[in-house]
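>>> The following comprises the amino acid sequence and a computationally predicted model.
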Amino acid sequence: MIDVDSDELLSIRAAELYYEENKTQDEIGLILSLTRWKVGRLIAQAKASGFIRIEIVHPRARRPALERRLREKIGLHDAIVVSTAGIDAFDNAAAAAVELQSRTAHAAAEYLTALRPAPRTLGVSWGHTLHAVAHHLGQGWAHGVAVVQINGSVSLTRSAGVAAQAAVAIAQKGAGTATLLPSPAILERRETRLAIESDRTVAAVLAEAAGASAYLFSAGQADENSVHVASGYLSVDEMAALVAHGAVGDVVGRYINARGDIVDAELDDRTLGIRLQQLRAAAVTIAVISGAAKHEIARAVVVSGLCTVLVTDEDTALALLDPASAAAPASAVEANPNFS
């Protein structure tokens, strides 16, 4: 019989034999001269005492402990946290960001598919993250869903935008219809925005967007890599000015600070789409945000009540739970020049 000083040491030894040496409880009982019942109790004791940590390292694995902490500490209705296992192995930061975004988008697609009741009308934003979610959605994820675009998107550059593609793909895979918002995201003048919103077609789209039963959106970072800079809406200097005024990123094209407040009222007045208060008042708002470059905007989104559900990666989740840890990048995923 092994000489031990306490039940604690005995529970550790039982756990070692069970988890590291793959012994059965009957085999451990013979080794330690204990009953099978006593061995089971010791292993349970080791778990309860925090001596055992089990980690699933598959790229598609989720982190239920972090999900529970996000729900409890931040007050989210639900949280989905994907693993960052293997991300540090990427030599190229952009490739790592693509992989992390793909994992998060895949998890968001799975969550949307399992959502009950399924949304009759789904309001969606645009950007590469939403495009990735649409890609990962399976055929038949819904039956007759009406997808409506919730913010303007027509690009000012020659490159084709992805807003229409995402909304149409989500609708087609859900055997439904897509209603697009035929307008730029940001107008030159407030008067132009008001004129466009007064158009009967645009007004009908905005009304449908306001009445959506669920919303799906991402958030953009506030730097030169913003999709709004790439699309021609904002210059690098204009983005720098927003950051100087406290901007940490945008939600549906509206730039906010760490508290979730609009940082530039004049710019916001030229932005076409649903208002942030409409997101805050909605019953189901799913935010899909990942990557070290988006830790600040992710925090702003959750603390200001812009989402009821967060789909993110484990490094971002840890940064939300422990703001002090957000000072240093969590992995190889740094600012990625083309993803929002």
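Cool, got the structure.

>>> Just the residues contacting the helix or strand where Leu216 lies, thanks.
For Leu216, the host element (DSSP states H and E) is strand 214-217. Contact with strand 214-217 is made by 108, 112, 115, 119, 121-125, 130, 133, 150, 170, 251-252, 279, 282-288, as judged by C-beta atoms under 8 Å, 6 or more residues apart in numbering. (Glycine included, C-beta is placed from N, CA and C.)

>>> May I ask which helix or strand encompasses the closest residue to Val205 other than its chain neighbours?
Among residues not flanking Val205 along the chain, Leu181 sits closest, at 5.0 Å (C-beta to C-beta, 6 or more residues apart in numbering). Assessed by DSSP H and E, Leu181 sits outside every helix and strand.

>>> Return the members of the contacts of strand 214-217 classed as buried.
108, 112, 115, 119, 121-125, 130, 133, 150, 170, 251-252, 279, 282, 284-288 (16 or more other C-beta atoms under 10 Å).

>>> Show me those residues that map onto strands.
121-124, 251, 285-288 (DSSP state E).

>>> Farthest pair within the residues you listed?
Among these, the pair separated by the greatest distance (C-beta to C-beta) is Thr121 and Val251, at 19.4 Å.

>>> what mean pLDDT does the strand holding Leu216 have?
For strand 214-217, mean pLDDT is 98.

>>> where's it relative to the chain centroid, distance-wise?
11 Å (C-alpha atoms, centre = their mean, to the nearest Å).

>>> quick one, helices of the stretch 151-300 of the chain?
163-173, 190-198, 200-210, 227-230, 236-244, 265-269, 276-281, 295-303 (DSSP state H, counting those that start in this stretch).

>>> export those to JSON lines and tack on distance to Arg41?
What follows is the helices of the stretch 151-300 of the chain, written out as JSON lines (distance: least, C-beta to C-beta, whole Å):
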{"stretch": "helix 163-173", "distance to Arg41": "50"}
{"stretch": "helix 190-198", "distance to Arg41": "67"}
{"stretch": "helix 200-210", "distance to Arg41": "57"}
{"stretch": "helix 227-230", "distance to Arg41": "56"}
{"stretch": "helix 236-244", "distance to Arg41": "57"}
{"stretch": "helix 265-269", "distance to Arg41": "60"}
{"stretch": "helix 276-281", "distance to Arg41": "48"}
{"stretch": "helix 295-303", "distance to Arg41": "40"}
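
>>> Mean neighbour count, those helices: which tops it?
helix 295-303 (a mean of 23; mean count of other C-beta atoms under 10 Å).

>>> Okay, domains of this structure per the record?
7-48, 64-327 (automatic domain parsing).

>>> quick one, which of these is packed in tightest?
Among the domains of the chain, highest average neighbours (mean count of other C-beta under 10 Å) belong to domain 64-327, with a mean of 20.

>>> tell me the contacts of the residue nearest the centre of the chain?
Residue closest to the mean C-alpha point of the chain, counted by C-alpha atoms, centre = their mean, is Val288 at 2.6 Å. Contact analysis of Val288 by C-beta under 8 Å, 6+ apart lists 104-105, 108, 129-130, 133, 216-218, 311-312.
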